[in-house]
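Participant: Build me a structure from this.
(chains A, B and C)
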Amino acid sequence: MALPRPLRMSISPPELELIASEHLIEIVPLIAMEKTAFISGAYGPLRPPNKCRIPLWMATNLKLKKKCHIVSPDWLSVDFLQERLSEETSQQGFSRLPFRFAETAKVVLDVASDDVQDAEKIRSLLKDLREARQAKSRDGLSQLDHSELSLPNLCSMEINEIRPFFTQAMDVFTQLARQPDADNP
Amino acid sequence: MDNDYFSIDAILAENQKIQCTFKVDVPDMGHLGGGSDRDIKALTKVPIPIWLAYIVLYSDWADFNIPAPFGPRVRNALKAEPRSVKLSALVGAGGLWYGFGKMIMDILSEEQANGMSEVLTQTFRGRLTEVIDQAQHFATLGPAGGASSDAAQFREGLDVTERELFSLVQDSAKRTKLWFEGNDRARR
Amino acid sequence: MPLGAPPLFQEDEQETPLQQLIRYWTNERHAPDILPTEEDLLSRLLDHIRSQSETVQLLRSDPSSSEEEHFRIMLAQTEVERVKFVVRSYLRIRLFKIEKFARYIMTNPEVQQRLSESEVDHARRFARLTDQHFYHSVLQSLPESQQTLDDQPPFVPSMVTEPDKTRAVFAHARQNCPPVRLPDGTALKMQKGHISLTPYSVVEQLVTRGEVELV
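Facilitator: Residues are numbered from 1 along each chain as shown, chains lettered A, B, ... in the order given. Predicted structure coming up:
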């Protein structure tokens, strides 16, 4: 078969990480490099200690070789996440976070926790956020039908986790519903 | 519950039998009822698998009753508390209560079909959250954890559609957890 | 949407060809139907991979390369591998659908237009292969009237497997979208950034026009 079963109707977390790693992030380079043309665009020049924006995968690569510091994104901070967490617990909808925040945060914390202020506190805030938001998507289940469910601000990794059973459950509702087939040509 | 010609599940689901009351004599077909009679006489009740029932009913050779798994007793129990009914006990282990119901729904008259759709939909909705909750609970605890007897009873009563959902939840939770907890970057 | 939403988190400026391909790749992964092929984009990226690999080869064969050079080579190579992964994965999901729906594709000229020439060719050969296999292993022993593989018998699904467009997908609006009709009869008007779980048939047109992406 051209594609293994779990990949046929979904995307794996490592694949999502790969997608998120295309996004640009700021670094402080520790090596110099001329502006260079890559497939996704031209990056550089790197001139320590001037900041520069490069794709996250590239930053990861350099960081692991100790050739840069990663500048933690504004939202990856105790203040910001704390605020979102209290919003999460006081308001009904999902609070607004970068669409690929889970992937980005994990990559940055995995490779550059020394560049992130209060990394431990941030880890635990991210975990609390994840749990608060999971509880909300569970509530969404009770509103599921054969038609539509709005999930504003739900993020990439969260969608991916609930996808298999949310889509399957909606498919069951569709099968059980009585209605003329709307898309007959 | 996919609707594919080559779907084994769909083929097996059509083996469920429904009670048909013949309106006409059908010579030489007595073996369908499993008995030793040569012919099927009018007004005889014969349990017939769904795949065969379609054409029998469509040709107006017989009527059928809504099968017991969807009869008034079950409906009342479901109305009172959808989570208390063992769907698997109604259709047998490995049985598709929803799939069977959907097939019945498709051969019923408009009004009855609407009622059937409502029963099926309400039941599915009434049990869905519990199915997902338990699956997530188990994904975090492993099979040893949380052996409350109510929960175990509910799990035993899941029909195949719900069982599929249950394992989808578990697989997904595992995949995601593995990613969240893994960190092999330093070694790359 | 919360009131006074904060300024957007640094959105990446313009979609690069690679980001485009990533979007088409994820759309393809989630859509039950086979989407129009992105042959031009793909061949441009393949050209890019080729020239980038050649540059890398050239630099590597130079024994006097500096440390800086060394990093550039390493990064360029890493990116080539990443892009190759996306390209392969994109082709594989299409290949999977092409094999699954081979008969359907071969009986629908409209669907064939969504495929590249080599994909149509593959569908044709795959359909023929399975037909022959069915014929030799089973059908030839049946009466002639029962040897067909494209029956549309009553009460039974068609023998030709078609994409099930009622399957649910997560749709993300890339811009404000015109209203679409939902299965329950109401209308849905997706604003930019909105996310909905809904049957694929609802957003099919929006996906084709690029107004919505599947996430």
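
Participant: Could you list the low-pLDDT ranges of chain B?
Facilitator: Along chain B, the model assigns pLDDT under 70 to residues B:1-2, B:93, B:141-148, B:184-188.

Participant: Return the residues in contact with the residue of it found nearest chain A.
Facilitator: Nearest to chain A in chain B, going by CB to the nearest CB, is B:Trp179, at a distance of 3.5 Å. In short, each C-beta sits where N, CA and C put it, glycine included. The contact partners of B:Trp179, by CB atoms under 8 Å, 6 or more residues apart in numbering or on different chains, come to A:Pro13, A:Pro14, A:Glu17, A:Lys106.

Participant: which among the residues you listed end up buried?
Facilitator: Among the contacts of B:Trp179, those classed as buried by 16 or more other CB atoms under 10 Å in any protein chain shown are A:Pro13, A:Glu17, A:Lys106.

Participant: what's the helix or strand for the residue of chain B closest to chain A?
Facilitator: Here B:Trp179 sits within helix B:160-181, counting by DSSP states H and E.

Participant: in that helix, what's buried?
Facilitator: So, applying 16+ other CB under 10 Å, buried residues of helix B:160-181: B:160-166, B:168-173, B:175-176, B:179-180.

Participant: Next: stretch C:60-77.
Facilitator: Those would be C:Phe71, C:Arg72, C:Ile73, C:Leu75, C:Ala76, C:Gln77, for stretch C:60-77 by 16+ other CB under 10 Å.

Participant: And stretch B:71-91, by the same measure?
Facilitator: Here stretch B:71-91 shows B:Val74, B:Arg75, B:Leu78, B:Pro82, B:Val85, B:Leu87, B:Ser88, B:Leu90, B:Val91 as buried, counting by 16+ other CB under 10 Å.

Participant: Now the residue of chain B found nearest chain C, what are its backbone angles?
Facilitator: Chain C sits closest to B:Tyr54 of chain B, with a gap of 4.0 Å, by CB to the nearest CB. Here is the backbone geometry of B:Tyr54 (degrees, to the nearest 10): phi -50, psi -50.

Participant: The residue lying closest to it once chain neighbours are set aside in helix, strand or coil?
Facilitator: Closest residue to B:Tyr54 apart from its sequence neighbours, by CB to CB, 6 or more residues apart in numbering or on different chains: C:Phe155 at 4.0 Å. The three-state assignment at C:Phe155 reads coil, by DSSP: H, G, I helix; E, B strand; the rest coil.

Participant: I'd like to know how far C:Phe155 sits from B:Gly99.
Facilitator: In this view, C:Phe155 and B:Gly99 are 15 Å apart by CB to CB, to the nearest Å.

Participant: Please identify the helix or strand for the most centrally placed residue in chain C.
Facilitator: Nearest residue to the geometric centre of chain C (CA atoms, centre = their mean): C:Glu28, 2.5 Å. In this structure, C:Glu28 sits in helix C:17-30 according to DSSP H and E.

Participant: Is that helix in proximity to chain A?
Facilitator: Yes - under the criterion of CB under 8 Å from any CB of the partner chain, chain A is reached by helix C:17-30 at C:Leu18, C:Gln19, C:Ile22, C:Thr26, C:Arg29, C:His30.

Participant: Please identify the buried residues of that helix?
Facilitator: C:17-19, C:21-30.

Participant: do that helix and chain B meet?
Facilitator: No - Helix C:17-30 stays clear of chain B (CB under 8 Å from any CB), getting no nearer than 14.9 Å.

Participant: so what's the backbone phi/psi at the most centrally placed residue in chain B?
Facilitator: Taking CA atoms, centre = their mean, the centroid of chain B lies closest to B:Trp97, which sits 1.5 Å from it. Reported as degrees, to the nearest 10, the phi and psi values for B:Trp97 are phi -70, psi -40.

Participant: wait, B:Glu14 sits on B:Met103?
Facilitator: Yes - contact between B:Glu14 and B:Met103 holds when scored by CB atoms under 8 Å: they sit 7.0 Å apart.

Participant: what sits in contact with each of these two?
Facilitator: B:Ile50.

Participant: How are the strands of chain A distributed by residue range?
Facilitator: A:24-29, A:36-38, A:41-43, A:52-55, A:68-70, A:149-150 (DSSP state E).

Participant: Find the one among those strands with the highest mean neighbour count.
Facilitator: Of the strands of chain A, the one with the most neighbours on average (mean count of other CB atoms under 10 Å in any protein chain shown) is strand A:68-70, at a mean of 23.

Participant: And the strands in chain C?
Facilitator: C:168-173, C:180-181, C:187-188, C:195-199, C:212-214.

Participant: if we can go back for a sec, columns distance to chain C on top of the buried residues of stretch B:71-91, output as JSON lines?
Facilitator: JSON lines is the format used below for the buried residues of stretch B:71-91 (distance: CB to the nearest CB, whole Å):
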{"residue": "B:Val74", "distance to chain C": "25"}
{"residue": "B:Arg75", "distance to chain C": "24"}
{"residue": "B:Leu78", "distance to chain C": "23"}
{"residue": "B:Pro82", "distance to chain C": "22"}
{"residue": "B:Val85", "distance to chain C": "26"}
{"residue": "B:Leu87", "distance to chain C": "23"}
{"residue": "B:Ser88", "distance to chain C": "25"}
{"residue": "B:Leu90", "distance to chain C": "24"}
{"residue": "B:Val91", "distance to chain C": "20"}
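
Participant: Name the spans of chain C whose pLDDT lies under the cut-off.
Facilitator: C:1-13.

Participant: what's the neighbour count on the residue of it found nearest chain B?
Facilitator: Relative to chain B, the nearest point of chain C is C:Phe155 (4.0 Å; CB to the nearest CB). Number of residues near C:Phe155 (other CB atoms under 10 Å in any protein chain shown) recorded here: 15.

Participant: Does it touch B:Leu57 like I think?
Facilitator: No - between C:Phe155 and B:Leu57 there is no contact, the gap being 9.8 Å when judged by CB under 8 Å.

Participant: Where does the prediction get shaky in chain A?
Facilitator: A:1-2, A:9, A:179-185.

Participant: Residue numbers of it in contact with chain B?
Facilitator: Near chain B, when you scan chain A using CB under 8 Å from any CB, you find A:6, A:12-14, A:17, A:60, A:64, A:106-107, A:110-111, A:138, A:141-142, A:144, A:157, A:160-165, A:168-169, A:171-173, A:175-178.

Participant: Which of the residues you listed fall in helices?
Facilitator: Of these, the ones assigned to helices by DSSP state H are A:6, A:13-14, A:17, A:60, A:64, A:106-107, A:110-111, A:138, A:141, A:157, A:160-165, A:168-169, A:171-173, A:175-176.

Participant: Buried ones among these?
Facilitator: By 16+ other CB under 10 Å, these give A:13, A:17, A:60, A:64, A:106-107, A:110-111, A:141, A:157, A:160-165, A:168-169, A:171-173, A:175-176 as buried.

Participant: any idea how far B:Arg175 is from the residue of chain A found nearest chain B?
Facilitator: Here chain A gets closest to chain B at one residue, A:Pro13, 3.5 Å apart by CB to the nearest CB. A:Pro13 sits 6 Å away from B:Arg175, going by CB to CB.

Participant: Report the buried residues of whichever strand or helix holds B:Gln19.
Facilitator: Under the criterion of DSSP H and E, B:Gln19 resides in strand B:17-22. Using 16+ other CB under 10 Å as the test for burial, strand B:17-22 gives B:Ile18, B:Gln19, B:Cys20, B:Phe22.

Participant: wait, what's in contact with C:Arg60?
Facilitator: For C:Arg60, counting by CB under 8 Å, 6+ apart, the contacting residues are C:Ile73.

Participant: Domain ranges for chain C, per the record?
Facilitator: C:16-151, C:164-214 (the TED database).

Participant: That's all I had, so thanks and see you.
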